[in-house]
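# make a model of this:
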Amino acid sequence: MKIAINTGGGDAPGLNAAIRSATLSALRMGWEVVGIQNGYGSLYTDEPFIPLTRERVRGITMLGGTILGTANRGNPFEMPYKKQDGTWDAEDRSDELVDVFRRYGVDALVAIGGDGSMRIANRIAKKGVKVVGVPKTIDNDIWACDISLGFDTAVTTATDAIDKIATTAQSHRRIMVVEVMGRYAGWIALHSGLSASADAILIPEIEFSLESIVDKIFEREAKGEKYSIIVVAEGAVEVGGSRFVKGKKIGQSEQLGGIAEYLESELSERTGKESRSLVLGHLQRGGVPSAYDRLISLRFGAAAVRVLDEGQVNKMIVMQQSTIRAIPLEEVADKMKLVPLDSDTIATAREIGICLGD
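From the prediction side, this is the model:
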């Protein structure tokens with residue numbers, strides 16, 4: 001058996017642990033393991049694979065990032081290329097991927113990635129490649145999976161940053177707006193904001209009004225609290241408004257951002273208080289993975305190889321009620337797990353007086 005491992009989309013703490021686990025599990029079975037670099041990018045070069053050996057994966061469990069590299073613009077079905085006139089376009093090069101796998105004798109692919117990567121993996125599976133997916137995203141928005149690798153570390157990083165922001169906000173009696181990642185789902189904003197005792201948390205699942213946030217700020221003023229902390233997901237939407245988008249490149253999903261700066265300006269004008277905004281950005285992706293992320297990453301990687309050994313293909317490994325399971329990949333592709341508005345976490349935020357913008 002010869003398997004290939006790749007990491008696609010944005011990086012996340014825990015990727016290296018998953019690579020190590022899958023590699024060591026496969027090697028113990030006598031399989032050959034190779035890595036695809038930069039998403040699927042190296043498949044279109046003269047050296048499509050690198051060998052993954054015990055030596056290569058030694059000591060990487062605690063390292064952030066990914067030793068294989070990754071890419072947000074590496075979709076084999078929409079590979080960007082530069083035309084003669086200097087503009088960019090996309091082309092389907094997935095048949096080349098299948099051919100490379102065939103020529104190099106690769107029997108199966110372990111695709112480690114988020115919702116976009118799972119959509120790609122599902123399309124590759126339909127071309128005849130045996131695939132097992134491993135859920136990776138700090139956004140925690142993969143369908144049917146309770147938690148994905150990278151989420152716990154990202155929330156911890158965001159919470160720590162908000163804690164630090166709170167002390168300077170209190171010292172200067174300011175409104176501080178902290179923008180966190182999460183794209184179209186509010187998991188990071190909700191969990192970090194709640195953990196850091198934010199005064200308002202704005203998530204994509206609940207449209208917000210500026211009036212409700214202003215009311216919360218003045219409510220705190222009346223109680224003698226002269227500062228406020230607003231945590232906002234990058235994909236949050238104002239009532240009657242639209243998402244703040246920086247731009248979109250060929251072969252890449254739209255880039256969100258700008259809402260914190262907007263809120264800083266609007267809240268300052270409406271309250272007369274000094275406001276500042278901070279975008280945590282890729283800080284949430286970096287650093288060493290938490291113990292929990294290391295553990296689930298190791299479990300996910302080993303489970304991917306176990307599933308292949310059992311003869312199961314075109315599956316995705318998921319965590320459901322603390323138990324590892326394998327579900328059909330097509331059940332996950334093209335779906336997104338949003339924050340349920342009837343969850344106890346939302347209820348907790350409301351019950352302790354956090355403004356959710358509605």
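
# what segments of the stretch 151-300 of the chain are strands?
175-180, 200-202, 228-233, 245-247, 255-256, 275-279 (DSSP state E, counting those that start in this stretch).

# quick one, which of these is nearest to Tyr104?
Nearest to Tyr104 among these is strand 255-256; the distance by Cβ to Cβ comes to 34.2 Å. Bear in mind the C-beta positions are built from the backbone N, C-alpha and C, glycine included.

# so what strands line up beside the closest one?
Strand 255-256 has its sheet partners listed here by DSSP bridges as strand 245-247 (antiparallel).

# residues contacting the strand it pairs with, please?
With contacts defined as Cβ atoms under 8 Å, 6 or more residues apart in numbering, strand 245-247 is touched by 254-258.

# can you confirm Leu68 is in a helix?
No: counting by DSSP: H, G, I helix; E, B strand; the rest coil, one finds Leu68 to be coil, located in no helix.

# what segments of the stretch 201-350 of the chain are helices?
In the stretch 201-350 of the chain, the helices defined using DSSP state H, counting those that start in this stretch lie at 210-222, 259-271, 291-309, 329-332, 344-351.

# which elements pack onto the fourth one?
The reference is to helix 329-332. With contacts taken as 3 or more Cβ pairs under 8 Å, 6 or more residues apart in numbering; DSSP states H and E, helix 329-332 sits against helix 115-125, strand 130-135, strand 315-320.

# what mean pLDDT does the first one have?
The reference is to helix 115-125. On average, the pLDDT along helix 115-125 is 95.

# how far is it from where the chain is centred?
15 Å (Cα atoms, centre = their mean, to the nearest Å).

# what packs against it?
Helix 115-125 packs on helix 94-103, strand 108-113, strand 130-135, helix 329-332, going by 3+ Cβ pairs under 8 Å, 6+ apart.

# what is the orientation angle of that helix with strand 315-320?
150 degrees (axes from the mean of the first three to the mean of the last three Cα atoms, to 10 degrees).

# do the same with the second one
Using the same axes, to 10 degrees, the inter-axis angle of strand 130-135 relative to strand 315-320 is 30 degrees.

# so what secondary structure elements neighbour strand 130-135?
strand 108-113, helix 115-125, helix 291-309, strand 315-320, helix 329-332.

# outline the domain layout of the chain.
For the chain, automatic domain parsing gives the domain ranges 2-149+289-332, 152-286.

# among the helices of the stretch 201-350 of the chain, which comes closest to Ile138?
helix 291-309 (9.7 Å).

# so for that closest one, mean pLDDT?
The model assigns helix 291-309 a mean pLDDT of 98.

# C-alpha coordinates for it, PDB please?
Provided in PDB are the C-alpha atoms of helix 291-309 (Å, rounded to 0.1, in the frame of the first residue of the first chain):
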ATOM      1  CA  ALA A 291      -2.400  19.600  24.200                       C
ATOM      2  CA  TYR A 292      -6.000  19.000  23.100                       C
ATOM      3  CA  ASP A 293      -5.200  19.800  19.500                       C
ATOM      4  CA  ARG A 294      -2.200  17.600  19.600                       C
ATOM      5  CA  LEU A 295      -4.300  14.700  21.000                       C
ATOM      6  CA  ILE A 296      -7.200  14.900  18.500                       C
ATOM      7  CA  SER A 297      -4.700  15.500  15.600                       C
ATOM      8  CA  LEU A 298      -2.900  12.300  16.500                       C
ATOM      9  CA  ARG A 299      -6.200  10.500  16.800                       C
ATOM     10  CA  PHE A 300      -7.400  11.800  13.500                       C
ATOM     11  CA  GLY A 301      -4.200  10.800  11.600                       C
ATOM     12  CA  ALA A 302      -4.200   7.300  13.000                       C
ATOM     13  CA  ALA A 303      -7.900   6.900  12.300                       C
ATOM     14  CA  ALA A 304      -7.400   7.800   8.700                       C
ATOM     15  CA  VAL A 305      -4.900   5.000   8.200                       C
ATOM     16  CA  ARG A 306      -7.100   2.600  10.200                       C
ATOM     17  CA  VAL A 307     -10.100   3.300   8.000                       C
ATOM     18  CA  LEU A 308      -8.000   2.600   4.900                       C
ATOM     19  CA  ASP A 309      -6.700  -0.600   6.300                       C
END
